[in-house]
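S.K.: following is a predicted model, sequence given first.
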Amino acid sequence: MSARPAALALAAALAAAVPAAGQDSQFGVHSLGTPARQEGVRARATGGAFTLFDEMSPLAEAALADLDRGMFGAHTQITRRAVAFANGESYDLTGTRFPVLVAGGRTPWRLRIAGGFATYVDRGYLVTRRDSVLLRGRMEPYSDEHLSDGNIGDLRLALAGRPARGLAVGGALHVITGSTQEEVRRRWDDSVTYRNTFELQDVEYHGFGGSLSAILDVSRRVRVAGWARLDTRLTTRARGRTVDSTDLPAQLSAAVQWLPRSALQVAAAVRWAGWSVAAGGHDSFGWSIGAEAGSARLPVRLGVRRDVMAFGPGPEAPTELGITAGVARRFSDDRARLELAIERVIRSGPGLDERLWTFDVGLVVRP
């Protein structure tokens, strides 16, 4: 049996395959992927409530306006995932990624500038399908596999400033780019008679976008923030030619921050993304409530969030609930900050549930 016909047949058969063990969320297997939460560790520890006020979060251009000196930050995340399917199958998965990298500083024109990288969509998974076919008068069982390794990233260049004392504004240009290595493979149970076949190719993704944000100091104790983003279509290329083009969503977010005392901050946020423009997608909506208490040198953070997810295995949108906590520690005369966060996430959808523990470590250096 030749390799190319088998690979083409395999790719078609996988459209109805059942997800198996994989690196990222199983809810993104039958879609563009799993949209990433573009948050720094501080924002993640507060359930996303502090995202628009945290300069380490790639969605917070306006928050950069208050940078008093240069900064560099990196974020590492470790995930332990338990996946349970309606047919009784279950898997325990682990993964490590580097979802956020940010660098910023001052300019001679009273503006602040920042650049960096964040994950836009996760696309790492392994799908397995068991079946059989009639060959030479007998049924021959086989396994079909589709492995995707990689993600789609978001490169950002942002500017921010204060046109008035109580108002910070910012904007950013985004280059959406990345690649995945896609492998389709057929493994015969009788590998002596029938040759195993596979096809391997690199797939590239390209798109552009822009975003704007603002923070208004309503009073000494209350701040409000808003953020909007619009992206172009995402172009998919393989072997030097365009094979797909996908609409990307408009996104909106708003938040309010309250400082009742010097050692306590509370925030609440809402967010929306129009993922229904993508095939199989749902408009996602979520809310967050979080708090940070303690001294600036050793703050403690808590948060809770709930979201409607963009993609899932069925016609109904899955839901996600997260409970978060974290701490931070400043050292080296406030020139460095170590941030830690832990999150318990419960995802539920038709025929599939996920239970996650995520551990986040961030390091921010201000030379």
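M.R.: Yep, that arrived.

S.K.: assumed V121 was part of a helix.
M.R.: No - V121 is assigned strand when assessed by DSSP: H, G, I helix; E, B strand; the rest coil, not a helix.

S.K.: which ones are touching the nearest residue to it once chain neighbours are set aside?
M.R.: Distances taken as C-beta to C-beta, 6 or more residues apart in numbering place G33 nearest to V121, at 3.8 Å, with adjacent residues excluded. (Each C-beta comes from the backbone N, C-alpha and C, glycine too.) Neighbouring residues of G33 by C-beta atoms under 8 Å, 6 or more residues apart in numbering: D24, V121, D122, R123, N151, I152, F311.

S.K.: need the pLDDT of G33.
M.R.: You'll see G33 listed with a pLDDT of 79.

S.K.: with respect to L200, which of the contacts of G33 is nearest?
M.R.: R123 (15.6 Å; C-beta to C-beta).

S.K.: neighbours of the closest one, how many?
M.R.: 25 (other C-beta atoms under 10 Å).

S.K.: any idea how far it lies from G209?
M.R.: Per C-beta to C-beta, to the nearest Å, R123 is found 18 Å from G209.

S.K.: what do you get for V243?
M.R.: 21 Å.

S.K.: okay, the two: which has more neighbours?
M.R.: Of the pair V243 and G209, G209 is the one with more neighbours under other C-beta under 10 Å, namely 20 against 10.

S.K.: the stretch 151-300 of the chain: helices as residue ranges?
M.R.: Applying DSSP state H, counting those that start in this stretch to the stretch 151-300 of the chain gives no helices.

S.K.: show me where the stretch 1-150 of the chain has its strands.
M.R.: For the stretch 1-150 of the chain, the strands defined by DSSP state E, counting those that start in this stretch occupy 18-19, 34-35, 71-85, 90-106, 112-122, 125-135, 138-164.

S.K.: looking at the ones you listed, which one is packed in the most?
M.R.: Most buried of the strands of the stretch 1-150 of the chain by mean neighbour count (mean count of other C-beta atoms under 10 Å) is strand 34-35; its value is a mean of 24.

S.K.: show me what that strand is packed up against.
M.R.: Judged by 3 or more C-beta pairs under 8 Å, 6 or more residues apart in numbering; DSSP states H and E, the packing partners of strand 34-35 are strand 112-122.

S.K.: got the angle for the strand it packs on vs strand 90-106?
M.R.: Interaxial angle of strand 112-122 relative to strand 90-106 (axes from the mean of the first three to the mean of the last three C-alpha atoms, to 10 degrees): 160 degrees.

S.K.: which other helices and strands contact strand 112-122?
M.R.: strand 34-35, strand 90-106, strand 138-164, strand 167-188.

S.K.: the inter-axis angle of the longest one versus strand 90-106?
M.R.: Just to be clear, that refers to strand 138-164. For strand 138-164 against strand 90-106, the angle by the same axes, to 10 degrees is 30 degrees.

S.K.: now do the buried residues in stretch 249-266.
M.R.: Residues of stretch 249-266 classed as buried by neighbour count (16 or more other C-beta atoms under 10 Å): P249, A250, Q251, L252, S253, A255, V256, Q257, L259, Q265, V266.

S.K.: now for those residues: which two are most distant?
M.R.: P249 and L259 (32.4 Å).

S.K.: related to what we said a few turns ago, can I get the helices and strands packed on strand 112-122 in a markdown table including distance to R221?
M.R.: Converted to a markdown table, the helices and strands packed on strand 112-122 look like this (distance: least, C-beta to C-beta, whole Å):
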| stretch | distance to R221 |
| --- | --- |
| strand 34-35 | 34 |
| strand 90-106 | 27 |
| strand 138-164 | 19 |
| strand 167-188 | 17 |
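
S.K.: return the residues in contact with V364.
M.R.: Neighbouring residues of V364 by C-beta under 8 Å, 6+ apart: M56, M71, F72, G73, A336, R337, E339.

S.K.: can you do 10 Å?
M.R.: 40-42, 55-56, 71-75, 102, 328, 330, 335-339 (C-beta atoms under 10 Å, 6 or more residues apart in numbering).

S.K.: again with I113
M.R.: Residues in contact with I113, defined by C-beta under 10 Å, 6+ apart, are 64, 67, 70, 103-107, 157-161.

S.K.: beta partners for it?
M.R.: Note on I113: beta-bridge partners by DSSP bridges are G105, L159.

S.K.: thinking again about what came up before, which one of the contacts of G33 is nearest to T46?
M.R.: Nearest to T46 out of the contacts of G33 is D122 (C-beta to C-beta; 22.2 Å).
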